[in-house]
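Chemist: sequence first, predicted model second:
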Amino acid sequence: TEPRFLADYRPADFTINTVNLSIELADTSTKVINELELVKQGDHQQALVLNGEHLTLISLVLNDQPLHAELYQLNDTLLTIPASSLPEGDSFTLIITTEINPLENTALEGLFKSGDAFCTQCEAEGFRRISYYLDRPDVMATFTTKVTADKTLYPFLLSNGNKIDSGDLPGNQHFVTWYDPFPKPCYLFALVAGNFDLLEDKFTTMSGREVALEIFVDKGNLAKAEHAMVSLQKSMAWDEQTFGLEYDLDIYMIVAVDFFNMGAMENKGLNVFNSKFVLADSQCATDSDYFNIEAVIAHEYFHNWTGNRVTCRDWFQLSLKEGLTVFRDQQFSGDMHSSAVTRIQNVRVLRSLQFAEDAGPMAHPIRPEKVLEMNNFYTLTVYEKGAEVIRMLHTLIGVENFRKGMDFYFARFDGMAVTCDDFINAMSDASGKDLTQFKLWYSQYGTPVIKVAQAFDAATGIYTLTLSQQSPVTKKQENPQALHIPIKIELINKDFDTNASVNTSNLNQTKLLELTQDTQTWSFSGFSQQPTLAMLADFSAPVKLDFSQDETALLTVMKNAENSFCRWDAGQKLLMSYIQHLTFDADYVISPALIDAINSMLMGGEDRAFIAEQISLPSFDEAAGLMIDIEPLALFDAISTLSLFIAQGAQQQLLATYQACQQVGEEDCVANRALKNVCLSYLSRLPEYQYLVAEQYQQAANNNDITQENMTDTLAALTCSAKVNLPDLSEQLQHFENKWHDTTLVMDKWFAIGASIVSDDIFTQLNDLLKHPQFTLKNPNRARSIISAFAMNNPKYFHCKTGKGYQFLAQQIAKMNEINPQVASRLVTPLIQYKSFATAHQQLMKAELITLHALPNLSNDLKEKLDAALI
Ligand code: B3K
Ligand code: ZN
């Protein structure tokens, strides 16, 4: 296969107006009859070229006449009907009959079996595994879908749109026919058949229409769907209030399945979800599970407008729908919960994982220009950095113009397949702001670095700030241009220690600076002393700062910045500086002032969820993102040393806070648990407090009063036991396994804890876990629960100097390559980023990449990444 380029886009030679599908489900031989109404676009003599993979062609009928084999060509990926075989005239019908084998489809693309149910995943290019088609998002058709299957095994037969017909057939078969009036690309097609429990509710839209809401879950799980239902209703209301966007069909269905490559899929009117993002009750789901379920439900719902009603012209434009929809779900989460904490958590993900991607071999602009396997581009860059780009736009033009721009966008493009430029132009027209330079964010990659210089003239009271920007210069990007970057700052006029005002107006000054040049200077007057700068309020741009602030300045920002993000970030910077020192010098002496700072955070008036974020150390990945030539083991030890130092120094306040958080009832229980469990993770490093971990486990997982049991607290205790390798760990794991062995989603947490134990035995344990009866590489959640959990959460052994950690990962990837190329390709991320590590580690990681590259049957997914990494 050859890569495709954005620059080569051209409209399709044919379009499809209507699709009439009839699908007769059977495990190993499903029959698909696909009747298409095609229209030639313009006057040309091009062949009709349809995509198709893993299909058995049974017959072709063109304008009611059978098309014989010598009149078309067929290979593994294409069905080509030359112009000479096509009828006169512009419109014609084609009936394609194929057979497929869902049971052997372990790639989980196209039609496959998830346990006993049939389901589909068509984005990005999975429909071609169901039938021959123009499998590209700019071909939009109205679909009618008739599904036929055994009535006992598959009482529910679902597809997109509204149900228009159903009935019984001989041989215990039945059928249901669905019609979706909204033209859509085939990637939004879905079909589900199975035996489910159904949670029903409704929503009345702002114009008074009643929409039926239906959530389908495995038998016995009905109570676990309540949270998803409430989340859906909240999302529907929020999109009406915030953007005036109303749902458009009479029914909205969500099906939870266990076998799914991603989180969920926004198929029109019929979302298919990984059950992990639907099922929850307090006994088996954590607070972050609850949060994530609400966010993913919202995300898929929001796609109904940003993605489905207006879709992408081609896959290079993926961020048109994903960046925008992530931005929308982040705003929603911020409105439903603490916007400060939501923002901090989003930034943590960006700075740890997206920055690493943007610095690694698969770095790409949020609108990629070259793609071999599209599934490789559902990335943190397209999604999370894409959302940051939309957020910058929101910051630059303001909330009202942004809303106006959204209105323009839908007025212009409803029912169409468009580009990122179309979106930006709508925003530009709505706001009157020239966004030409801003568009460079779509074509340049890499995290820009902003260098900060300040000066103060005591005689005039003028404070001067100079900012310079630099995007990475590489072979792929030799001459990056200056970007249009919104930089929100706060000038703090109070000293940390004296509280004396240094500004005549006595208020912090908040400014929005627009950095558009390589270097730019701003002056601010009226200061009697130099103000303290708080950079990047709300994290107004996805950039790195080259700005060293001394401890006093950081403490001032932590205490006196009005912007909560800046207060948090200054604390993290302080912690990060210790981690950096300790990485290079294990005997570095940490200033006792840090303990005062931690104590005052713990006693500060902030809300508890915020304090939990303040006192949490930067993760291994966040820290790694700020360093070069990383010695991973030294970094791991540095974080452990700092953690122990804080535990020892602040133990009294940590214990007092831990206990205070336990006292509270239902109110703010999520925030209380968050803070309590960060305190516990510090305290668990000190032998005299380790009894608390055992107590919490008992309380939360083994309580006589089952309503007191709680998965957040259970998992927090287990995590402490695993990280410190406490003596109680094996007993706790045994108890947990006995209790949950039939609940696979909860067993995933157990596998993940097992894979993150910090113990020299880990490789034996990993192999035992792989042999566990509940484990199978065929289920992506299960595969990730051991493999990703080890590679992402166990840095000490993943990076162990024998190379065994890298080898373990590579061996699992090799097996996954045969089973599920998409999942295999995601797992390889930590290895391809080898260049940020010290030489010895680089070599060990690279050796594994070379082994993988030589695999027989190497999938395109892995090949694309390995080629990029080994260049
Ligand atoms: N659009 C889907 C992702 C499809 C992944 C294809 N490999 C989920 C989402 O972003 O909402
Ligand atoms: Zn999405």
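Modeler: Yep, that arrived. Ligands and ions are numbered 1, 2, ... in the order given.

Chemist: would you map the helices across the stretch 201-350 of the chain?
Modeler: Assigned by DSSP state H, counting those that start in this stretch, the helices in the stretch 201-350 of the chain fall at 226-243, 287-302, 318-336, 339-349.

Chemist: only the buried residues of the last one, if you could.
Modeler: What it means is helix 339-349. Buried residues in helix 339-349, counting neighbours by 16 or more other Cβ atoms under 10 Å, are found at 339-348. Any C-beta I mention is one placed from the backbone N, CA and C, and that applies to glycine too.

Chemist: likewise the longest one?
Modeler: With burial defined by 16+ other Cβ under 10 Å, the residues of helix 318-336 counted as buried are 318-333, 336.

Chemist: returning to that earlier point: closest to G604 among the buried residues of helix 339-349?
Modeler: A340 (13.4 Å; Cβ to Cβ).

Chemist: quick one, what contacts the closest one?
Modeler: Shown in contact with A340 (Cβ atoms under 8 Å, 6 or more residues apart in numbering): 564-565, 568, 610.

Chemist: that one and H44, how far apart?
Modeler: In this view, A340 and H44 are 57 Å apart by Cβ to Cβ, to the nearest Å.

Chemist: what does A810 give?
Modeler: A810 is 48 Å from H44, by Cβ to Cβ.

Chemist: please apply the same query to F332.
Modeler: Remark: distance between F332 and H44 (Cβ to Cβ) = 46 Å.

Chemist: which residues does the residue of the stretch 351-500 of the chain found nearest ligand 2 contact?
Modeler: Nearest residue of the stretch 351-500 of the chain to ligand 2, counting by Cβ to the ion: Y383, 7.1 Å away. Contacts for Y383 (Cβ under 8 Å, 6+ apart) come out as 319, 322-323, 326.

Chemist: intersect those residues with the contacts of ligand 2.
Modeler: For ligand 2, the contacts drawn from the contacts of Y383 by Cβ under 5 Å from the ion are E322.

Chemist: distance to S577 and pLDDT added to the contacts of Y383, as CSV?
Modeler: Formatted as CSV, the contacts of Y383 follow (distance: Cβ to Cβ, whole Å; pLDDT from 0 to 100):
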residue, distance to S577, pLDDT
S319, 34, 98
E322, 35, 99
G323, 32, 99
V326, 31, 99
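
Chemist: for the contacts of Y383, which one is nearest I487?
Modeler: Closest approach between the contacts of Y383 and I487, by Cβ to Cβ: G323, at 20.2 Å.

Chemist: how about the residues of the stretch 51-200 of the chain by ligand 1?
Modeler: 123-124 (Cβ under 6 Å from any ligand atom).

Chemist: scratch that, the stretch 651-800 of the chain
Modeler: Not one residue of the stretch 651-800 of the chain sits near ligand 1, judged by Cβ under 6 Å from any ligand atom.

Chemist: find the closest residue to ligand 1 in the stretch 651-800 of the chain.
Modeler: Distance from ligand 1 to each residue of the stretch 651-800 of the chain (Cβ to the nearest ligand atom) is smallest for P780, at 11.4 Å.

Chemist: just give the nearest non-adjacent residue to that residue, would you?
Modeler: Once flanking residues are discounted, P780 sits nearest to V823: 4.8 Å by Cβ to Cβ, 6 or more residues apart in numbering.

Chemist: can you give me how far stretch 747-761 is from the chain middle?
Modeler: Between the mean C-alpha location of stretch 747-761 and the chain-wide mean there is a distance of 23 Å, by Cα atoms, centre = their mean, to the nearest Å.

Chemist: wait, I meant stretch 730-747
Modeler: Centroid separation between stretch 730-747 and its chain, computed with Cα atoms, centre = their mean, is 27 Å.

Chemist: contacting residues around T15?
Modeler: By Cβ under 8 Å, 6+ apart, T15 lies in contact with 38-39, 41, 134, 139-141.

Chemist: am I right that it sits in a strand?
Modeler: Yes. T15: assigned to a strand according to DSSP: H, G, I helix; E, B strand; the rest coil.

Chemist: what is the burial count for the nearest residue to it once chain neighbours are set aside?
Modeler: Closest residue to T15 apart from its sequence neighbours, by Cβ to Cβ, 6+ apart: V39 at 5.3 Å. Counted by other Cβ atoms under 10 Å, the residues lying close to V39 total 12.

Chemist: any idea whether V39 is helix, strand or coil?
Modeler: At V39 the chain is in strand, as set by three-state DSSP.

Chemist: what about the nearest residue to N274 once chain neighbours are set aside, neighbour count?
Modeler: Spatially, and ignoring its direct neighbours in sequence, N274 is nearest to F260 (3.9 Å; Cβ to Cβ, 6+ apart). F260 has 23 neighbours, counted by other Cβ under 10 Å.

Chemist: can you give me the distance of F260 to G126?
Modeler: From F260 to G126 the distance is 12 Å (Cβ to Cβ).

Chemist: neighbour count winner among A810 and H44?
Modeler: With neighbours defined as other Cβ under 10 Å, A810 and H44 compare such that A810 has more, 21 against 10.

Chemist: what's near enough to touch the more buried one?
Modeler: A810 sits in contact with 831, 848-849, 851-852, where contact means Cβ under 8 Å, 6+ apart.

Chemist: what kind of secondary structure is it in?
Modeler: A810 ends up helix, using three-state DSSP.

Chemist: mind checking pLDDT for it?
Modeler: pLDDT for A810: 99.

Chemist: near ligand 2, which residues of the chain show up?
Modeler: So the chain meets ligand 2 at 322, 325 (Cβ under 5 Å from the ion).

Chemist: longest helix anywhere in the chain?
Modeler: helix 386-413 (DSSP state H).

Chemist: are that one and ligand 1 in contact anywhere?
Modeler: No. Helix 386-413 is not in contact with ligand 1 by Cβ under 6 Å from any ligand atom; minimum separation 10.7 Å.

Chemist: name every strand pairing with the helix or strand following that helix and say which way it goes.
Modeler: Where DSSP states H and E defines the elements, the next helix or strand beyond helix 386-413 is strand 417-418. If you go by DSSP bridges, strand 417-418 pairs up with strand 311-312 (parallel).

Chemist: next one: I628 from E357, what distance?
Modeler: 16 Å.

Chemist: correct me, but T641 touches L582?
Modeler: Yes. Assessed by Cβ atoms under 8 Å, T641 is found in contact with L582 at 5.4 Å.

Chemist: those two: which is more packed in?
Modeler: L582 (22 against 18).

Chemist: spatially nearest residue to G386, not counting backbone neighbours?
Modeler: Nearest residue to G386, sequence neighbours excluded (Cβ to Cβ, 6+ apart): G323, at 2.3 Å.

Chemist: meant to ask about T519
Modeler: Using Cβ to Cβ, 6+ apart and skipping the chain neighbours, the partner closest in space to T519 is S468 (4.2 Å).

Chemist: give me the number of residues near the one you found?
Modeler: Neighbour number of S468 under other Cβ under 10 Å is 17.

Chemist: repeat that for E666.
Modeler: E666 has 6 neighbours, counted by other Cβ under 10 Å.

Chemist: pretty sure it is in a helix, no?
Modeler: No. Using three-state DSSP, the secondary structure at E666 is coil, not a helix.

Chemist: and it, its phi and psi?
Modeler: Phi and psi for E666, reported as degrees, to the nearest 10, are phi -70, psi -30.
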